[in-house]
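Novice: Give me a model of this one.
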Amino acid sequence: MVVLGKGLPILRRLIEPRVSPGFSPARTVTCLPPRATHMIVHLLKSKIHRARVTAASLNYEGSLTIAEDLMQSTGLLPYERILCGNLANGKRWETYAIPGRKGSGAIELNGAVARLGKKGDLLTIMSFTEMPAAAGRRWKPKVIVLGPENRVVDRRGT
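Specialist: Model prediction:
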């Protein structure tokens, strides 16, 4: 039950009850969604596509090692949360990126994720950002596509 002037208990800030014009407050109450100007959306920030796994180390603490130049090309930060998809087996996982030696082409599965792929598998590595919906309409993620030896063969985005 909605009490006039109180809003919904959990969504009080998002949905405010409004009395429909011309009606008694006891009769009609409508709930309007938040304005689009306040909406935050989650969008792709960076993507490394077709990254070939160069090593896997089960006894490491965890994370995914990515050659530093590849991280810089897409704007990935050290220790940034990433989502990975293995094109060979369809498995997906979330971890964080750590920089590997610049120019090495390193893509290394560390810790438990070493069980989700093997040397030679192709990965898609993604990171996301949040922004107002209005800014999101103009947003372009940084995307690189890798070829042999994890060298960049295509770039897109800002």
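
Novice: Pick out the residue nearest the middle of this structure.
Specialist: Nearest to the mean C-alpha position of the chain, by C-alpha atoms, centre = their mean, lies F128 at 2.6 Å.

Novice: I'd guessed that one sits against H42; true?
Specialist: Yes: applying C-beta atoms under 8 Å, one finds F128 in contact with H42, separated by 5.3 Å. Placement of C-beta: from N, CA and C, glycine included.

Novice: Okay, the residue lying closest to P132 once chain neighbours are set aside and A88: tell me how far apart.
Specialist: Leaving out its chain neighbours, the residue that sits closest to P132 by C-beta to C-beta, 6 or more residues apart in numbering is I40, at 6.3 Å. As for I40, its distance to A88 is 34 Å (criterion: C-beta to C-beta, to the nearest Å).

Novice: per-domain residue ranges of this protein.
Specialist: 1-34, 40-156 (automatic domain parsing).

Novice: does the residue nearest to P132 really touch A133, like I thought?
Specialist: Yes: at 7.3 Å, I40 and A133 qualify as touching, with contact defined as C-beta under 8 Å.

Novice: Can you name every helix or strand that the helix or strand hosting H49 contacts?
Specialist: According to DSSP states H and E, H49 maps onto strand 40-52. Applying 3 or more C-beta pairs under 8 Å, 6 or more residues apart in numbering; DSSP states H and E, one finds that strand 40-52 makes contact with helix 68-74, strand 122-132, helix 133-136, strand 142-146.

Novice: how about a cut-off of 10 Å?
Specialist: strand 63-67, helix 68-74, strand 81-86, strand 107-110, strand 122-132, helix 133-136, strand 142-146, strand 152-156 (3 or more C-beta pairs under 10 Å, 6 or more residues apart in numbering; DSSP states H and E).

Novice: Just the buried positions in the longest one, please.
Specialist: Read it as strand 122-132. 122-128 (16 or more other C-beta atoms under 10 Å).

Novice: pLDDT wise, what is H38 at?
Specialist: With respect to pLDDT, H38 has a value of 78.

Novice: Kindly report the same for Y60.
Specialist: 87.

Novice: R81 too?
Specialist: At R81, pLDDT is 98.
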